[in-house]
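In: build me a structure from this.
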Amino acid sequence: MRVLEGKSVFSGIAIGKISILQKADTSVKRTKVEDPEAEIARVQEAKDKAVAQLQKLYDKALQEVGESGAAIFEVHQMMLDDEDYLDSIDNIIRTENVNAEYAVATTGDNFADMFAQMDDDYMKARAADVKDISDRLVRVLSGHDEGDMDAAEPSIIVAEDLAPSETVQMDKSKVLAFVTRKGSSNSHTAILARTMNIPALINIEYDESMDGKMAVVDGKNGSLIVDPDADILKKYQDQKDEELRQRAMLKELKGKTTETKSGHKIHLYANIGSTGDVASVLANDAEGIGLFRSEFIYLEKDNYPTEEEQFQIYKAVAQNMAGKKVIIRTLDIGADKQIDYFDMAHEENPAMGYRAIRICLDRPEVFKTQLRALFRASMFGNISIMYPMIISVTEVKQIKAIVAEVKKELTEQGIPFKDDVEQGVMIETPAAVMISDLLAKEVDFFSIGTNDLTQYTLAIDRQNAKLDNIYDSHHEAVLRMIQMVIDNAHKEGIWAGICGELGADTTMTERFVQMGIDELSVSPTFVLPVRKIVREME
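Out: Predicted coordinates:
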């Protein structure tokens with residue numbers, strides 16, 4: 001048995017034989033030509049055919065993965081019409097008197113190298129796109145067919161890399177998982193894999209001897225297990241059976257509202273930590289995203305993420321959710337989430353120290369960068385913003401002042417944004433609970449963070465394993481605080497939800513509904529179990 005570690009771009013379990021994808025050779029020879037203009041005409045003809053192929057792929061992807069997943073093929077069509085790209089091909093043919101295949105391949109390599117050397121991760125990922133369109137042109141010019149991308153039987157597809165067009169052409173009923181040596185979390189292939197709900201791993205150093213062998217893809221832990229023994233196989237088969245059970249539940253409840261038999265409806269959203277979780281949100285039929293933990297963007301970086309990097313992430317999530325609510329929590333680091341490049345001093349009690357909104361208000365340049373990205377992304381969907389670790393009305397007013405500065409700057413720069421973005425606060429401190437009547441006058445919604453609220457109310461460090469036996473999120477003090485927050489929210493005409501782990505506690509669902517909670521945001525896999533309980537209530 002061999003265990004190969006990589007990086008997961010979409011979770012899930014897959015069990016089956018490995019099929020190593022052998023791609024058609026797109027290498028070309030440099031040949032002298034007598035008539036460069038004839039070669040340029042061949043390029044134009046091949047380009048028109050490639051555009052037609054991409055249109056067919058767009059139509060296919062639109063049916064399988066929706067508009068956001070299919071958009072890459074529109075981008076590829078536009079790239080094929082890019083003047084700089086076409087001019088480079090023409091110039092090589094004319095100045096070097098070479099064949100069209102060579103000019104296209106050379107231009108593709110040059111442009112791919114140019115993108116790969118850029119600092120921006122999103123632009124780096126475009127290197128694969130320009131290589132994809134160039135390979136397509138070479139295949140058309142060479143008279144090669146599209147090639148059969150389908151496995152003979154359901155398999156774990158293993159490859160050096162996968163272009164978006166290759167992914168879409170595959171028969172999804174025969175693909176158990178994707179595993180590649182190259183690729184990135186920001187690539188369109190990764191996005192498509194997540195949207196298709198197919199487990200996928202990148203950065204796996206495989207070898208040809210694995211072809212045809214039984215394997216397990218562990219999308220949660222980012223590992224490929226080759227030739228698993230009987231015990232390991234049974235362990236993962238049990239997990240796979242649980243996945244199938246969840247899917248059966250999904251089939252019964254998908255498209256149904258989360259409301260009691262008497263017609264009382266609540267909103268049921270999902271919590272995520274990255275764009276990779278969006279497919280799970282959609283697959284489990286959540287109404288929206290109630291908590292996007294934006295700090296994971298910072299935790300995965302070696303330096304402060306730029307405005308553009310954040311904007312692309314928020315934009316992608318908003319687009320993929322297609323108008324459904326996306327509540328993004330601003331940076332919430334500190335306590336158990338430390339980041340070296342923030343260079344924060346050691347604290348004796350970090351859970352109650354320099355963290356979350358306190359850092360943002362103390363470092364407005366970091367806060368404003370994130371807010372600019374969020375407001376810019378608001379143009380692409382239904383984004384709301386939520387501020388963590390609030391203890392006073394003063395903090396809310398400071399936030400409003402900074403937001404006003406950001407809006408003014410964006411307006412002056414001619415950058416579009418939605419002016420009416422819904423803004424709320426997390427209620428996770430006893431102080432916020434006790435002044436929730438005052439806070440409700442300042443914001444659009446409350447989201448109760450029960451994890452921290454419990455630890456602060458009970459004076460118990462939730463990271464201390466010795467105190468697990470007395471850490472009680474069902475404590476009556478905590479539940480009374482939740483009721484107080486709901487009541488004060490409703491008095492001011494705003495909504496109140498729960499985004500902490502307690503929201504997914506199905507033993508408490510009925511009580512929360514009776515309390516008058518408007519929204520619950522849970523891990524994607526808990527959406528359907530919670531919906532089931534609500535629908536069974538009178």
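In: name the element Ile225 belongs to?
Out: Secondary structure from DSSP states H and E places Ile225 in strand 223-226.
In: give me the sheet partners of that strand and which way each runs.
Out: strand 2-5 (antiparallel), strand 214-218 (antiparallel) (DSSP bridges).
In: what comes into contact with the longest one?
Out: If I follow you right, that is strand 214-218. 12-18, 156, 176-177, 179, 199, 201, 223-228, 232-233, 236 (C-beta atoms under 8 Å, 6 or more residues apart in numbering). From N, CA and C alone the C-beta is placed, and that goes for glycine too.
In: need the buried ones from those residues selected in ChimeraX.
Out: Listed next is the ChimeraX selection for buried residues among the contacts of strand 214-218, using 16 or more other C-beta atoms under 10 Å:
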select :12,13,14,15,16,17,18,156,176,177,179,199,201,223,224,225,226,228,233,236
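In: give me the spatial nearest neighbour of Asn99, chain neighbours excluded.
Out: Spatial nearest neighbour of Asn99, chain neighbours left out: Thr31 (4.3 Å); criterion: C-beta to C-beta, 6 or more residues apart in numbering.
In: the one you found touches Ala103, doesn't it?
Out: No. Between Thr31 and Ala103 there is no contact under C-beta atoms under 8 Å: 10.6 Å.
In: so where do the strands sit in the stretch 401-538 of the chain?
Out: Using DSSP state E, counting those that start in this stretch, the strands found in the stretch 401-538 of the chain span residues 422-427, 445-448, 495-498, 519-522.
In: and if you look at the stretch 201-350 of the chain?
Out: Using DSSP E, counting those that start in this stretch, strands in the stretch 201-350 of the chain cover 214-218, 223-226, 267-272, 289-293, 325-329.
In: which residues touch the residue lying closest to Met344 once chain neighbours are set aside?
Out: Excluding the flanking residues, the one nearest Met344 by C-beta to C-beta, 6+ apart is Tyr354, at 6.1 Å. For Tyr354, the contact set (C-beta under 8 Å, 6+ apart) comprises Gly334, Met344, Ala345, Glu347, Asp362.
In: report pLDDT for Tyr354.
Out: Listed pLDDT for Tyr354 reads 85.
In: give the helix, strand or coil label for it.
Out: coil (DSSP: H, G, I helix; E, B strand; the rest coil).
In: ok, it to Arg363 distance?
Out: 10 Å (C-beta to C-beta, to the nearest Å).
In: pretty sure Val158 belongs to a strand, no?
Out: Yes. The assignment for Val158 (three-state DSSP) places it in a strand.
In: neighbours of it, just the number please.
Out: Neighbours of Val158 under the rule other C-beta atoms under 10 Å: 25.
In: contacts only, for it.
Out: For Val158, the contacting residues are Ile18, Ser19, Ile20, Leu21, Val179, Thr180, Ile204, Tyr206, Met210, Asp211, by C-beta under 8 Å, 6+ apart.
In: looking at those, which is nearest Gln398?
Out: Nearest to Gln398 among the contacts of Val158, counting by C-beta to C-beta, is Thr180 at 46.0 Å.
In: pull the helix or strand with minimum mean pLDDT from this protein.
Out: helix 188-195 (a mean of 59; mean pLDDT, DSSP states H and E).
In: top of the contacts of Val158 by number of neighbours, please.
Out: Of those, with other C-beta under 10 Å as the count, Val179 tops at 28 neighbours.
In: so for stretch 141-151, what's the average pLDDT?
Out: For stretch 141-151, the mean per-residue pLDDT is 60.
In: brain fart, stretch 16-30
Out: For stretch 16-30, the per-residue pLDDT averages 78.
In: ok so, going back, now, the contacts of strand 214-218 that are in helices?
Out: The helices, defined by DSSP state H, take in Ile232, Leu233, Tyr236 from these.
In: if we can go back for a sec, adding distance to Phe311, mean neighbour count and mean pLDDT, write the strands of the stretch 401-538 of the chain out as TSV.
Out: Output for these, formatted as TSV (distance: least, C-beta to C-beta, whole Å; neighbours: other C-beta atoms under 10 Å; pLDDT from 0 to 100):
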stretch	distance to Phe311	mean neighbour count	mean pLDDT
strand 422-427	18	24	98
strand 445-448	23	26	98
strand 495-498	26	25	98
strand 519-522	23	28	95
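In: which one of these lies closest to Ala248?
Out: Here strand 519-522 is closest among these (C-beta to C-beta), at 19.3 Å.
In: other residues contacting the closest one?
Out: Residues from elsewhere that reach strand 519-522, judged by C-beta under 8 Å, 6+ apart: 266-271, 289-291, 327, 447, 495-499, 503-504, 509, 512, 530.
In: now the lengthiest strand in the chain, how far from the centre of its chain.
Out: If you go by DSSP state E, the chain has its longest strand at strand 13-20. With C-alpha atoms, centre = their mean, to the nearest Å as the basis, strand 13-20 stands 24 Å off its chain's centre.
In: backbone phi and psi for the residue sitting furthest away from the middle of the chain, please?
Out: In the chain, the residue that sits farthest from the middle, by C-alpha atoms, centre = their mean, is Glu34; the gap is 51.2 Å. As for Glu34, its main-chain torsions (degrees, to the nearest 10) stand at phi -90, psi -20.
In: show me what contacts it?
Out: So Glu34 contacts Asn97 (C-beta under 8 Å, 6+ apart).
In: report the separation between it and Asn97.
Out: 8 Å.
In: what of Gly503?
Out: For Gly503, the distance to Asn97 (C-beta to C-beta) stands at 69 Å.
In: quick one: which of the two has more around it?
Out: Gly503 (28 against 14).
In: find the nearest non-adjacent residue to the more buried one, please.
Out: Leu520 (4.4 Å).
In: partner residues bridging the one you found?
Out: Leu520 has these beta-bridge partners by DSSP bridges: Leu268, Ile498.
In: any idea how far it lies from Asp238?
Out: 28 Å.
In: residues contacting Val485?
Out: Ile427, Val433, Ser436, Phe446, Ile448, Ala496.
In: from Pro154, how far out is it?
Out: According to C-beta to C-beta, Val485 and Pro154 sit 49 Å apart.
In: how about Ile225?
Out: Counting by C-beta to C-beta, the gap from Ile225 to Pro154 is 17 Å.
In: quick one: the longest strand of the chain to strand 214-218, angle?
Out: For strand 13-20 against strand 214-218, the angle by axes from the mean of the first three to the mean of the last three C-alpha atoms, to 10 degrees is 130 degrees.
In: ok, strand 13-20: who's next to it in the sheet?
Out: Strand 13-20 has its sheet partners listed here by DSSP bridges as strand 155-159 (parallel), strand 214-218 (antiparallel).
In: so which of those strands comes closest to Thr257?
Out: strand 214-218 (34.6 Å).
In: mind listing what's buried in the closest one?
Out: Ala215, Val216, Val217, Asp218.
In: tell me the one of those residues nearest Lys60?
Out: Distance to Lys60 across these (C-beta to C-beta) is lowest for Val217, with 24.6 Å.
In: now Asn110: closest residue in space that isn't a chain neighbour?
Out: Nearest residue to Asn110, sequence neighbours excluded (C-beta to C-beta, 6+ apart): Ser88, at 6.9 Å.
In: any idea how far the one you found lies from Met114?
Out: 11 Å.
In: separation between Gly288 and Thr257?
Out: 14 Å.
In: so for those two, which sits in the more crowded spot?
Out: Shown here are Gly288 and Thr257; by other C-beta under 10 Å, Gly288 has more neighbours (20 against 14).
In: how about the nearest residue to that one, chain neighbours excluded?
Out: In this structure, Gly288 finds its nearest non-sequential neighbour in Lys325, 3.5 Å apart by C-beta to C-beta, 6+ apart.
In: bridging residues for that neighbour?
Out: Residues in beta-bridge contact with Lys325 (DSSP bridges): Asn382.
In: tell me the contacts of it?
Out: His267, Tyr269, Glu287, Gly288, Ile289, Gly290, Asn382, Ser384.
In: state the distance from the residue nearest the centre of the chain to Lys17.
Out: Centroid check for the chain by C-alpha atoms, centre = their mean gives Thr275 as the closest residue, at 0.8 Å. Distance, Thr275 to Lys17, using C-beta to C-beta: 30 Å.
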